[in-house]
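A.B. asks: Fold the following and give me the result.
(chains A, B and C)
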Amino acid sequence: MLSAILIIALLGILMGTALGFAAKFFAVEGNPLKDEIEELLPGSQCGQCGYPGCSPAAEAVVNSEAPVTMCPPGGKALAEALAEKMGVSIDLSAVEEKEPVVAFVHEHLCVGCTKCFKRCPTDAIVGGPKQIHAVFGDACTGCEKCYEVCPTECIEMRPIQATLQTWYWPMPVKAA
Amino acid sequence: MHEAPLLGGPYAHEKVSISRTMLWVMLALLPATAFGLFQFGWPAIFLFLVTVISAVVAESLSLWIMKKPQKLFLLDGSALLTGWLLAMTLPPWAPWWIGVVGALLAIVIGKQVFGGIGQNLFNPAMVARVALLISFPLEMTLFSSPQPLFSVGAPDLLESLEITFGSAGQIDAVTSATPLGHVKTELSRGLTVDEALGGTDTLWQLGLGTATGSLGEISAVLLLAGGLLLIYLRIITWHIPIAMLGTLALLAGMFHLIDPASYSSPLFHLLSGAAILGAFFIATDLVTSPVSIRGQLLFGAGCGALVYIIRTFAGYPEGVAFAILLMNACTPLIDHYLKPRVYGRDRSGEPLNYADEDGEA
Amino acid sequence: MRLFRIRGGVHPDDQKTLSAGQAIENLPMPPLLHIPLQQHIGAPAEPLVKRGQLVRKGQLLARSQGMISAPVHAPTSGRVMGIGGYPAHHASGLLVRTITLKPDGYDEWDDDCEGVPDPFTLAPEEIARRVAQAGIVGMGGATFPSAVKLNLRKRYALHTLVINGAECEPYLTCDDRLMRERAEDVRDGVLLMARALGVEKILFAIENNKPQAQQCMRNAARSCPELRVVGLPTRYPMGSEKHLVQTLVGKETPARGLTADIGVVVHNVATAAAVHDALRHGRPLISRVVTVTGGAIRQPRNLHVPIGTPLDHLAKYCGGFHDEPAKLISGGPMMGQPLPSLRVPVIKGSNGLLALSKDEVRSQVEMPCIRCASCVNACPCGLVPLNMAAHIRAGSLESSVDLGLLDCIACGSCAYVCPSHIPLVQYFNYAKGELAARQRAQHKQGETKRLIEARTERMEAIKKAKREAMAKRKKEMAAKKAAEAAKAEAAEA
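C.D. replies: The predicted model follows:
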């Protein structure tokens, strides 16, 4: 009886010490996870998540300050990828798939102030001073930075239309 | 044209549904059940009805709690079938509350708690039977010899009501052990198998259905006929029954050859107990058995081996319920590892490469 | 000839008696034709005509774009009324760029449409070129540009041409009638394609539920020992390219590969007839045989229809509907697509207009999956549909790919046998589409990063240039000041 107690106590002490040493000597410096997460984010520094850019946002995700569903442009695909990286499980049905939008300039209202194209992070707007601006739909990420500054409110954020090449069958609606 | 949500093809369908499948299984069980009910008289009939009705009521209650559509799920026939199969494994003269408790265990714990139809891991009827066996060993092991309806020794309606619903318990005069139980006790007393069985009369009894046992252990011949009907209708495939019975027969044959005095013959094992009922109706339960052919063969073989081991070396005389539950637990693993080979790929999942085979591009 | 077994498959009631006895009839020209510029797999054709232009029958309306594409020709003579968006022959109901043509009633052929007296003297490349020029695409429904398939000769070691006369979809009888009525033309086209491919062996496969067609083709092929007519067991999906080849040759096409990888190329019967028309008579692909059938149609028929004819014209010719059809489908009931309306035109790949009545559709409520494995037994590709559907329902599309989603041919055998009436194929089509959309989104992300980096670099370069300009100006100012100061000193001194 006594010998059993002593042996178990000894084992506990030994293993605890071993774990303590391992925690000290095998500790990981820094967090490479942050860079991997930053790679996954769109990188357009749009700020829709509430953080001043994708790098601080990645930091927040790594420290678990922000949920993996925090990036609206990334949608479900990004949420799933981040969840896999962080090793958490998420309920994707809660992720609001924000409809992707692209900016569109209503040319009859544009005065050529150049405020929008200076702000566009992907150079998707073409135009010069006193010249009408236009948006390259393919390059636009829908970050809405141009939309915020336009003085004549000529920019409209339009949802992306499906084409024959991009349309696909919706998920079946379950009855029971 | 598209007011309703877009529904994809195909727009043709075979005449199948869940309720049709359940109906056919019940039809296949009907001859054996009817014969068994006739053999054991009114108490058996009352117990059967109580069990089946409790099963349907339990299902209805669970659906109401889960706020699912009642009519849709009650009409698919799965609760009815579960109750029916459970009733087949109970001692025919057991008290009514055994049937009710069993039905509740089967439907609520064995099926609905997992998420309803299609989601359960274990066969609901077997879950209930095993739970009853362990909780109420006395009532679940008290069998009586057949007293066919309208025969001399059979209890009449009033006496039967007393047996099933009364508190008196069973009439001791007609209790007897099942052949399996009898052989096990005799073997433990040191007798040989032949002495315990007393000749091949018992085999005929088992085959035709005049031996002692639960409803599902009675007529091997009628159950076999029902099972073959299901295979013909392609409701089940032959892989699980043949694998299970084959393995059972093989193991029994091996041991019987080595020591005929201590080990029963393969034919005895095949015909006694719930072997045939289990092989054709319980192990083949669609929800809890593997989906691939190789998986089904392994599943069946495992069931057969476990049945033999439990019957011969373990404490209980009948092992079908335990064997099936144990193999049900392995089903997800079997499904994960034994998948069919995909067209155009080899067994490991890589695209086929004909260049390797004959050296030509 | 020894045939090999395919796994799975189903045996639907073929319902071909509704229209199998109807000889092909020429449909009268409708008042307007709508010819889409995308009727094939690949890049849409680029229009060469303008609004108001007069065109002749067979004249080139739009040229092909790139390697995988096909040109579009005028089905009759008339005036181009417009080029713009029109509802596509597609389940989505989206618009596609379409040329609207008003027939002038004269049906005059273009002068360029001249055949070659003996096409067998042409080189294989020339045959393929003419096939491309004629806008011929796979007419079994896949609409893959046939010339590209003929040119596979260049990259693969081919030895057999298989002609797909299976027509395994229920209700459809257009290929059946074509084989019975134009067996000689079909044979001619087949031999030309064999020449273009450079193969010696030809296997003409016809399902055993078409004995007259088998007989007609055997008679037509009597003069050619290399062309062998083979009877196939009646089973769906025997007409699937990969499974057809497996039945005839015994080899499975490697996953993510082509039948050409095992030396076989498959073409449809109607495509062969079109090749004959193109080479012998110089006629491009401007019409096809369509089966109009189903319980809701008054007179099921097989019609020879100009491309671009609105479907309501076909329905009207067949006596209209008994009562409102429960479903309108393009193609067969197994793999056909629901039609958004009857306004849409007939295209090169439309082999059937199916008007199903309520009894024929037999739709029921979807129940939970009971893991009965009927779908596993029915799947001709050895997949486990119930597993894939469960993963897709749970949202993990990547794991469904690991289970073999991309090997699924969407034949519908699994959904056909499901007792729970689960729309399995819709789950798979949804998943495939969603994965493609995610890939596009991924690609866009990469491009966005690239653009942002380019912009950042540009801004940095601007800043740097500014700084250097400033520094240079400062230096110049300083130098100028120093020079002036020195000058002033010198002047004083």
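A.B. asks: and the residue of chain A at minimum distance from chain B, how many neighbours?
C.D. replies: Taking C-beta to the nearest C-beta, chain B has its nearest neighbour within chain A at A:Val173, 5.0 Å off. Every C-beta, even on glycine, is put in place using the N, C-alpha and C of the backbone. A:Val173 has 12 neighbours, counted by other C-beta atoms under 10 Å in any protein chain shown.
A.B. asks: What about the nearest residue to it once chain neighbours are set aside, how many residues nearby?
C.D. replies: Excluding the flanking residues, the one nearest A:Val173 by C-beta to C-beta, 6 or more residues apart in numbering or on different chains is B:Pro5, at 5.0 Å. By other C-beta under 10 Å, 9 other residues sit near B:Pro5.
A.B. asks: separation between B:Pro5 and A:Val101?
C.D. replies: 25 Å (C-beta to C-beta, to the nearest Å).
A.B. asks: Is there contact, residue-wise, from stretch B:323-334 to chain C?
C.D. replies: No: using C-beta under 8 Å from any C-beta of the partner chain, stretch B:323-334 never reaches chain C; the gap is at least 9.2 Å.
A.B. asks: which of the residues in that stretch are buried?
C.D. replies: B:Ala323, B:Ile324, B:Leu325, B:Met327, B:Asn328, B:Thr331, B:Ile334 (16 or more other C-beta atoms under 10 Å in any protein chain shown).
A.B. asks: do the same with stretch C:59-78
C.D. replies: C:59-62, C:64, C:69-78.
A.B. asks: Can that stretch be said to contact chain A?
C.D. replies: No: judged by C-beta under 8 Å from any C-beta, stretch C:59-78 makes no contact with chain A; its nearest approach is 13.3 Å.
A.B. asks: would you put the C-alpha positions of the strand or helix carrying B:Val307 in CSV?
C.D. replies: Using DSSP states H and E, B:Val307 sits within helix B:293-313. Extracted C-alpha coordinates of helix B:293-313, given in CSV (Å, rounded to 0.1, in the frame of the first residue of the first chain):
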residue,chain,number,x,y,z
ILE,B,293,-19.5,-5.1,-50.6
ARG,B,294,-16.1,-5.9,-49.0
GLY,B,295,-17.2,-4.1,-45.9
GLN,B,296,-20.4,-6.1,-45.7
LEU,B,297,-18.5,-9.4,-46.1
LEU,B,298,-16.2,-8.4,-43.2
PHE,B,299,-19.1,-7.3,-41.1
GLY,B,300,-20.9,-10.6,-41.7
ALA,B,301,-17.9,-12.6,-40.9
GLY,B,302,-17.2,-10.7,-37.8
CYS,B,303,-20.8,-11.2,-36.6
GLY,B,304,-20.6,-14.9,-37.3
ALA,B,305,-17.4,-15.3,-35.5
LEU,B,306,-18.5,-13.3,-32.5
VAL,B,307,-21.8,-15.3,-32.3
TYR,B,308,-19.9,-18.6,-32.1
ILE,B,309,-17.4,-17.3,-29.6
ILE,B,310,-20.0,-15.9,-27.3
ARG,B,311,-22.2,-19.0,-27.5
THR,B,312,-19.3,-21.4,-26.9
PHE,B,313,-16.9,-19.7,-24.6
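A.B. asks: Measure how far it is from the centre of its chain, please.
C.D. replies: In terms of C-alpha atoms, centre = their mean, to the nearest Å, the centre of helix B:293-313 is found 14 Å from the chain centre.
A.B. asks: tell me the angle of the helix or strand following it relative to helix B:293-313?
C.D. replies: Scanning forward in sequence from helix B:293-313 by DSSP H and E, the next helix or strand is helix B:320-337. Angle of helix B:320-337 versus helix B:293-313, following axes from the mean of the first three to the mean of the last three C-alpha atoms, to 10 degrees, is 150 degrees.
A.B. asks: Spell out which parts of chain A neighbour chain B.
C.D. replies: Those residues of chain A that sit near chain B, judged by C-beta under 8 Å from any C-beta, are A:Trp169, A:Pro170, A:Pro172, A:Val173, A:Ala176.
A.B. asks: So among these, where is pLDDT lowest?
C.D. replies: Least confident of the residues of chain A next to chain B in the model: A:Ala176, at 48.
A.B. asks: Below-threshold pLDDT in chain B: ranges please.
C.D. replies: Low-confidence segments of chain B, defined by pLDDT under 70, span residues B:1-4, B:153, B:167-175, B:198-201, B:356-361.
A.B. asks: Next, count neighbours for C:Met335.
C.D. replies: Using other C-beta under 10 Å, C:Met335 has 22 other residues around it.
A.B. asks: picking up where we left off before, the buried residues of stretch B:323-334 into TSV, with extra columns for distance to chain A?
C.D. replies: Below are these laid out as TSV (distance: C-beta to the nearest C-beta, whole Å):
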residue	distance to chain A
B:Ala323	33
B:Ile324	28
B:Leu325	28
B:Met327	29
B:Asn328	25
B:Thr331	24
B:Ile334	26
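A.B. asks: Identify the residues contacting residue 127.
C.D. replies: If you meant another chain, say so; for now it's chain A. A:Cys110, A:Gly112, A:Thr114, A:Phe117, A:His133, A:Ala134 (C-beta atoms under 8 Å, 6 or more residues apart in numbering or on different chains).
A.B. asks: Wait, chain C was what I had in mind.
C.D. replies: Counted by C-beta under 8 Å, 6+ apart, C:Ile127 has contacts C:Pro119, C:Leu150, C:Leu192, C:Met193, C:Arg195, C:Ala196, C:Leu279.
A.B. asks: Quick check: longest helix in chain C by residues?
C.D. replies: When chain C is parsed with DSSP state H, its longest helix is helix C:424-492.
A.B. asks: Can that helix be said to contact chain B?
C.D. replies: Yes: using C-beta under 8 Å from any C-beta, helix C:424-492 comes into contact with chain B via C:Val425, C:Gln426, C:Asn429.
A.B. asks: Need the three-state assignment for the closest residue to the last one other than its chain neighbours.
C.D. replies: Think C:Asn429. In this structure, C:Asn429 finds its nearest non-sequential neighbour in A:Trp169, 4.1 Å apart by C-beta to C-beta, 6+ apart. Three-state assignment for A:Trp169 (DSSP: H, G, I helix; E, B strand; the rest coil): coil.
A.B. asks: neighbours of the residue of the stretch 151-300 of chain B found nearest chain A, just the number please.
C.D. replies: Per C-beta to the nearest C-beta, the residue of the stretch 151-300 of chain B with the smallest distance to chain A is B:Val287, at 16.1 Å. Neighbour count of B:Val287, defined by other C-beta under 10 Å: 22.
A.B. asks: Could you do A:Ala134 as well?
C.D. replies: Other residues close to A:Ala134 by other C-beta under 10 Å number 16.
A.B. asks: doesn't A:Val105 make contact with it?
C.D. replies: Yes: the pair A:Ala134 / A:Val105 is scored as a contact, 5.7 Å apart, by C-beta atoms under 8 Å.
A.B. asks: Need the residues touching each of those two.
C.D. replies: A:Ile125.
A.B. asks: just to revisit the earlier point, just to be sure, the residue of the stretch 151-300 of chain B closest to chain A is in a helix?
C.D. replies: No: under three-state DSSP, B:Val287 falls outside any helix and is assigned coil.
A.B. asks: tally of neighbours for the nearest residue to it once chain neighbours are set aside?
C.D. replies: Nearest non-adjacent residue to B:Val287, counting by C-beta to C-beta, 6+ apart: C:Arg371, 5.0 Å away. Residue neighbour count, defined by other C-beta under 10 Å, stands at 25 for C:Arg371.
A.B. asks: Tell me who's in contact with B:Pro31.
C.D. replies: By C-beta under 8 Å, 6+ apart, the neighbours of B:Pro31 are B:Ser219, B:Leu222, B:Ala225, B:Gly226.
A.B. asks: For the second one, what is the enclosing helix or strand?
C.D. replies: Going back to what we said before, that points to B:Leu222. Judged by DSSP H and E, B:Leu222 forms part of helix B:220-232.
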